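Next comes the sequence, and after it the predicted model I'd like to discuss.
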Amino acid sequence: MWRFIGFRFLQAIPVILTVITVTFFLVRAAPGGPFDQEKAVSEQVQAALEARYRLDLPMHEQYLSYMGDLLKGDMGPSFYYPGRSVNELIFQGLPITAELGFYALLTALVIGCLAGVLAALKPNTAQDYVPMSVAMIGICMPSFLLGPLLVLIFGIWLDLLPVSGWGNSQGDKILPSITLGAMTAAYIARLSRSGMLEVLNQDYMRTARAKGLPEYVVVIKHALRGGLLPVISYLGPAFAALLSGSFVVETVFQIPGLGRFYIQAAFNRDYTMILGTTVFLSTLIVIFNLLSDIVAAWLNPRLRYQFRK
């Protein structure tokens, strides 16, 4: 097991380094700069600002300097928020974004697994076609379209739920969680259906039925563990994707999370904030991928056996 974890960890290091390098040079290659304002400043002030933030150095020296600070855990100061560091801004918005991602993942798991398992129990029937058709719609409908639609129906027409804020009024977390988790629920539904169909056709499942076990015991005790393995492998990248994909939802529902700082950084060319958020989210994706692989290997001994040879 430790050999498996070590191999996955070594694979993650070049991925993170590649993301950091590509993002650094892409941001620097964008036209304009962080201190290009509508009101022009003198050359002396411009030079002083660039010297303070080391923008006057050659590109390769800026890169090496940033990597050195990053190894120390320092993502640098924000260009847009004077006196505040990128670390401070990220950890200010992260709790709200993480809470939104958690509720969205929980919603996606409940809806997706239930729909996928029910569809697999009676394939090629209405019980299969209806949830899978809805799942296809969920995959095709982006959050920036679903969010305003839910606001229009449940917030304006029916006046049932709040349409903005986070934690300020009762029920204001429902619509953002559904909006963010809808596409993930659709993918989980399809993954759980295909996994359950594969397991339900195995010989040991027929043996369990031949022993006279009730169908619900066969499904819950024997089929779910193997049938939901694809879902477990998907959970890690799904949660990280929900964190990064929450920026649109936070904008639609006016949630003060990490997405607010990232969007403002993109508009204001806040290099360090863009880099810091991208590096942070990329690291989270790698970590959650690693955790999901570990859980999948724990549930499926064949994955561990590959690294014992």
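Here it is on my side, so go on. Numbering: from 1, shown residues only.

And the next helix or strand past whichever helix in the chain runs longest?
Longest helix of the chain, by residue count under DSSP state H: helix 86-121. Heading C-terminal from helix 86-121, the first helix or strand you meet, by DSSP states H and E, is helix 126-140.

distance between stretch 78-92 and the chain's centre?
22 Å (CA atoms, centre = their mean, to the nearest Å).

Not counting its own residues, what contacts that stretch?
With CB atoms under 8 Å, 6 or more residues apart in numbering as the test, stretch 78-92 has contacts from 34-35, 53, 73-77, 258, 261, 264-265, 268-273, 275-277, 280. From N, CA and C alone the C-beta is placed, and that goes for glycine too.

again, 7 Å this time
Applying CB atoms under 7 Å, 6 or more residues apart in numbering, the contact partners of stretch 78-92 are 34, 53, 75-77, 258, 261, 264-265, 268, 270-273, 276-277, 280.

ok, and for that stretch, which residues are buried?
S78, F79, Y80, Y81, S85, V86, N87, L89, I90 (16 or more other CB atoms under 10 Å).

what's the span of that stretch, first residue to last?
Terminal residues of stretch 78-92 lie 13 Å apart, using CA to CA, to the nearest Å.

tell me which residues in the longest helix of the chain are buried?
Per 16+ other CB under 10 Å, helix 86-121 contains these buried residues: 86-87, 89-90, 93-94, 96-101, 103-105, 107-109, 111-113, 115-121.

For burial, what's the neighbour tally of K221?
12 (other CB atoms under 10 Å).

now it: how far from A208?
8 Å (CB to CB, to the nearest Å).

next one: L290
From L290 to A208 the distance is 34 Å (CB to CB).

And A119, by the same measure?
Relative to A208, and taking CB to CB, A119 is found at 21 Å.

and if you look at P142?
42 Å.

neighbour count winner among these two?
Comparing P142 with A208 by neighbour count (other CB under 10 Å), the higher total belongs to A208, at 18 against 13.

May I see the buried residues of the helix or strand where the more buried one lies?
According to DSSP H and E, A208 maps onto helix 203-210. Of the residues in helix 203-210, M205, A208 count as buried by neighbour count, 16+ other CB under 10 Å.

Distance from the chain centre to that helix, please.
That offset, for helix 203-210, works out to 38 Å (CA atoms, centre = their mean).

got the contact list for it?
V199, V218, H222, A223.

now for these, which pair is the farthest apart?
V199 and V218 (10.3 Å; CB to CB).

hang on, the earlier thing: so which of the contacts of helix 203-210 wins on neighbours?
Neighbour counts for the contacts of helix 203-210 (other CB under 10 Å) peak at A223, which has 25 neighbours.

Next, it: secondary structure please.
helix (DSSP: H, G, I helix; E, B strand; the rest coil).

Tell me which residues touch it, please.
M196, V199, L200, M205.

my guess is the third one meets A120, correct?
It stands for L200. Yes: L200 is in contact with A120 according to CB atoms under 7 Å; the separation is 6.5 Å.

Show me which helix or strand of the protein is least confident by mean pLDDT.
In the chain, no helix or strand scores lower on mean pLDDT, DSSP states H and E than helix 301-305, which sits at a mean of 61.

re earlier: show me which of the contacts of A223 is closest to L10.
Checking those against L10 with CB to CB, the nearest one is V199 at 31.9 Å.

Now the closest one: which helix or strand?
helix 174-200.

Which other helices and strands does that helix contact?
Under the contact criterion of 3 or more CB pairs under 7 Å, 6 or more residues apart in numbering; DSSP states H and E, helix 174-200 touches helix 86-121, helix 126-140, helix 143-150, helix 224-227, helix 229-252.

Of the ones you listed, which is nearest L180?
helix 86-121 (3.8 Å).

quick one, that closest one and helix 126-140 angle?
160 degrees (axes from the mean of the first three to the mean of the last three CA atoms, to 10 degrees).

now helix 86-121: how far from the chain's centre is it?
8 Å.

Okay, angle between that helix and helix 174-200 too, please.
Using the same axes, to 10 degrees: helix 86-121 against helix 174-200 is 50 degrees.

Rounded mean pLDDT for helix 86-121, please.
Computed over helix 86-121, the mean pLDDT rounds to 91.

pLDDT weak spots in this structure?
Counting by pLDDT under 70, the chain shows low-confidence ranges at 1-2, 4-5, 32-33, 35-41, 299-309.

residues in contact with the closest residue to F253 other than its chain neighbours?
Excluding the flanking residues, the one nearest F253 by CB to CB, 6 or more residues apart in numbering is P176, at 4.7 Å. Going by CB under 7 Å, 6+ apart, P176 touches L100, V249, F253, I255.
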